[in-house]
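Novice: coords please:
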Amino acid sequence: MSFEKTLNKTRNIGFAAHIDAGKTTTTERILYYTGKTHRMGEVHDGDATMDWMPQEMERGITITSAATTCNWKGHRINIIDTPGHVDFTVEVERSLRVLDGVCIIFCAVGGVQPQSETVWRQATKYNIPRLAFVNKMDRIGADFHDVLHQMRKRLGAEAVAIQLPIGKEEKHRGIIDLIEQTAWEFSDDEDVPPTEVEIPENMRDLVDSFREHLVISLADINPDLEEKFFAGKEPTPEEMWATIREATIAGTLVPVLCGFAFKKKGIQPLIDAIVKCLPSPAEVPPVVGVHPKTGEEITRAPDPDEPFCALAFKVAVDPFVGHITYIRCYSGSAKVGDRVLNADNGSRQRLQRLLRMHANRREEIEEIGPGDIVAAVGLDETTTGDTVCAENAPIILERMTFPEPVISMVIEPKSQADEEKLGQALSRLTMEDPTLRLETDPETGQQLISGMGELHLEVIVDRLRREFDVECNIGRPRVAYRETIRRATVGEARFVKQTGGRGQYGHVILRLEPISTDERLEYRDESKGDEIPQDFKGAVQAGVEEAMGAGTLGGYPAVGIRCIVTGGSFHEVDSSDVAFKIAASQAFAKAFAGGAPVLLEPVMAAEVVTPEQYFGDVVNDLTTRRAQIVEVKAGAGDVRTIELKVPLANMFGYATALRSLTQGRATYTMEPDRYEPVPEQQQRELVG
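Specialist: Residues are numbered from 1 along each chain as shown. Alright, predicted model coming up:
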């Protein structure tokens, strides 16, 4: 296999968007036109190729990212279709971590919606080149130009149209290619390819204006085009595509296309743009990692002659294959049967099988090289974020970070027979999903599962029943409160225990200061060596870490703390790790209690879209939920969009309440925003 030949002809791309913008539908159309499938599945019919889980089919949403591979004009395109619902944002995060480019889809009616902003920020975090596709141009209220404006204003994107729609809403009938200066009209028969037509006369001025803006944008990037522009010469389409590609990969420009995926309009030009604008693995900067023992910085270029290096970005349990690990290969190559090193935990494992995935179907392959995204069997000791590499060239790539859960609920088996199965099933699910946490309530001893939202936990319980045949009882969802302090404070504790023989002695003095609640703990040890010996400093930090797990108000985890160990004392004979750990924990608890502790609650950024006739009822209901209205915007027709901040604790069951208030015509989305102090009255009710 010649990896050099295929590397430049490979694209690793993903589709990301707000919920219901049309990601999965667009992917289905691309698979059809590239010959990967012979019929197009529909999300609303529950038979979309990429939405293969029963929960996805029933709800008409994407829950887990699905990978597939297709071919277009000599190029291999590896595609990851990601969820749009905020509860499953981890799937977007870990997919973007391993992709080279992303197509962000915007609804022509909704424009830049909350989750659109989230995925845009995630793509910016990983410096991923983007192109945009404005979908649903046939819908009432569709406005391509407004979406362009929103992208520039709300996302700060240098969004440049390379297509214009011919007509809008029900009159949308084609697209104009601003680079080639051609117009294409779609047939009402979806199986008839578009035909080339003259650019409509009534659009000539608009086309000239947008093309001039495009040429000027490219001239600012490419000096050769700038010379041509001032000389009054037209750039060739080849020159324009080359500059667009260069600027897209550099992140200085976002090409914008349009169409209507459901009616198969504009899909082939979108695939062409993916190939022309987004980078191959060879054009992506070398990955940077560190040596697991020395901490020395190492780079790995996308070259088959470099040592093998890959990142595990997802773990799943396939009912037919068993434990599979999705990996992205960054350098070198590996074959079935090769031994590889997990640089994070030091384990050595064998690649038993390599699979190229197509949603939940698979194709056996013998070897992988740079740029490949595949599923591996045999990496049972590898978890999400681990680096697998050649045994003689260890490297650890940057790990992924995942958001903290904001909601939890009690879960227990319905019968004794389900108890063991529940433990095994939850263990498997937490291995697959880094945002799902298991813990035990310290007061009641009940088992809690924590996740990113009500839908997230609802899907987990449904999977337990269907996939693992475990019936369980669940309690009402509970908010993941946190605790912090409002003023600086000092705590001192001396742990002394005499038992007749060798005793226990530990003495710690520390100072706590409030910092941003976005951070958990900032720890410093400023004690002198003759106060706390070096041997016991680790135990002191462990004691503080343990005490952070439960504040003094309601036993909720503490955040936003700067802890400075200022002094203490030790005994030559009686001091021990245990004594200093206990003393540090007690000193922390005393200081925390004296720091004017306050309870924090997760506040959500929400958006409610409602017809105007229900606007008053919706706002009144939100007010009773302690919501703060940030902005109200007029949408297409009589639609109003309400942007707000609201405590999560007051939003349980809101989907049902909103449906009843608006006869099912309003929708809402919600995502974690920040932690804020709980009002005093609510705090008294919560902690007594």
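
Novice: how long is stretch 325-336 end to end?
Specialist: With C-alpha to C-alpha, to the nearest Å as the measure, stretch 325-336 spans 14 Å from end to end.

Novice: List the buried residues of it.
Specialist: Thr325, Tyr326, Ile327, Arg328, Cys329, Tyr330, Ser331, Gly332, Ser333, Ala334, Val336 (16 or more other C-beta atoms under 10 Å). From N, CA and C alone the C-beta is placed, and that goes for glycine too.

Novice: what residue is smack in the middle of this structure?
Specialist: Glu93 (2.6 Å; C-alpha atoms, centre = their mean).

Novice: what about that one, helix or strand, and which?
Specialist: helix 89-96 (DSSP states H and E).

Novice: OK, contacts around Leu648?
Specialist: Val406, Ile407, Val479, Glu601, Pro602, Val603, Met604, Pro672 (C-beta atoms under 8 Å, 6 or more residues apart in numbering).

Novice: how many other residues sit next to Leu438?
Specialist: 15 (other C-beta atoms under 10 Å).

Novice: Check the spacing between it and Gly555 real quick.
Specialist: For Leu438, the distance to Gly555 equals 18 Å [C-beta to C-beta, to the nearest Å].

Novice: and if you look at Tyr481?
Specialist: Taking C-beta to C-beta, one finds Tyr481 at 10 Å from Gly555.

Novice: between those two, which one's more packed in?
Specialist: Legend: neighbour count by other C-beta under 10 Å for Tyr481 and Gly555, higher for Tyr481 (24 against 14).

Novice: Once you drop chain neighbours, what's closest to the more buried one?
Specialist: Tyr556 (4.5 Å; C-beta to C-beta, 6 or more residues apart in numbering).

Novice: Show me the strands in the stretch 201-350 of the chain, by range?
Specialist: For the stretch 201-350 of the chain, the strands defined by DSSP state E, counting those that start in this stretch cover 254-258, 287-290, 297-300, 309-318, 322-331, 334-335, 339-342, 348-350.

Novice: And Gly295, how far from Gly289?
Specialist: Counting by C-beta to C-beta - Gly295 and Gly289 are separated by 11 Å.

Novice: Which one of the two is surrounded by more residues?
Specialist: Applying other C-beta under 10 Å to Gly295 and Gly289 shows that Gly289 carries more neighbours, namely 22 against 8.

Novice: what comes into contact with the helix or strand encompassing Arg674?
Specialist: Using DSSP H and E, Arg674 maps to strand 667-677. With contacts defined as C-beta under 8 Å, 6+ apart, strand 667-677 is touched by 18-19, 86, 89, 113-115, 118, 403, 406, 452-453, 482, 517-518, 559, 598-609, 645-648, 651, 654-655, 658.

Novice: just the buried residues of stretch 325-336 now: which is nearest Gly14?
Specialist: For the buried residues of stretch 325-336, the residue nearest Gly14 by C-beta to C-beta is Arg328; the value is 11.7 Å.

Novice: Not counting its neighbours along the chain, what's nearest that closest one?
Specialist: Leaving out its chain neighbours, the residue that sits closest to Arg328 by C-beta to C-beta, 6+ apart is Val98, at 3.7 Å.

Novice: Am I right that the one you found is in contact with Leu311?
Specialist: Yes. In this structure, Val98 is within contact of Leu311 by C-beta atoms under 8 Å, at 6.1 Å.

Novice: Which residues are in contact with each of those two?
Specialist: Residues touching both Val98 and Leu311 (C-beta under 8 Å, 6+ apart) are Arg328.

Novice: one step back: isn't the residue nearest to the centre of the chain right next to Gln122, touching?
Specialist: Yes. Between Glu93 and Gln122 there is a contact under C-beta under 8 Å: 5.8 Å.

Novice: any chance you could map the helices in the stretch 151-300 of the chain?
Specialist: Per DSSP state H, counting those that start in this stretch, the stretch 151-300 of the chain carries helices over the ranges 204-219, 223-230, 237-250, 267-277.

Novice: of those, which approaches Val678 most closely?
Specialist: Among the helices of the stretch 151-300 of the chain, helix 237-250 sits nearest to Val678 (C-beta to C-beta), with 45.7 Å.

Novice: For that closest one, C-alpha coordinates in CSV please.
Specialist: The C-alpha trace of helix 237-250 is given here as CSV (Å, rounded to 0.1, in the frame of the first residue of the first chain):
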residue,chain,number,x,y,z
PRO,A,237,-11.3,29.9,-11.5
GLU,A,238,-8.2,27.8,-10.8
GLU,A,239,-6.4,30.8,-9.2
MET,A,240,-9.5,31.6,-7.1
TRP,A,241,-9.9,28.0,-5.9
ALA,A,242,-6.2,27.7,-5.0
THR,A,243,-6.5,31.0,-2.9
ILE,A,244,-9.7,29.9,-1.3
ARG,A,245,-8.1,26.6,-0.3
GLU,A,246,-5.0,28.3,1.1
ALA,A,247,-7.1,30.8,3.1
THR,A,248,-9.6,28.1,4.3
ILE,A,249,-6.7,25.9,5.6
ALA,A,250,-5.1,28.9,7.3
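
Novice: In it, which of the residues would be classed as buried?
Specialist: Within helix 237-250, judged by 16+ other C-beta under 10 Å, the buried ones are Glu239, Met240, Trp241, Ala242, Thr243, Ile244, Arg245, Glu246, Ala247, Thr248, Ile249.

Novice: Check stretch 311-318 too.
Specialist: By neighbour count on 16+ other C-beta under 10 Å, the buried set for stretch 311-318 is Leu311, Ala312, Phe313, Lys314, Val315, Ala316.

Novice: now swap in stretch 650-669 and tell me
Specialist: Asn650, Met651, Phe652, Tyr654, Leu658, Leu661, Thr662, Ala666, Thr667, Tyr668, Thr669.

Novice: what do you get for stretch 575-591?
Specialist: Using 16+ other C-beta under 10 Å as the test for burial, stretch 575-591 gives 575-576, 579-591.

Novice: which sections of the stretch 101-250 of the chain are below the confidence cut-off?
Specialist: 189-191 (pLDDT under 70).

Novice: and with 90 instead?
Specialist: Residue ranges of the stretch 101-250 of the chain with pLDDT under 90: 107-127, 137-142, 153-157, 166-174, 181, 184-203, 212-213, 215-217, 219-236.
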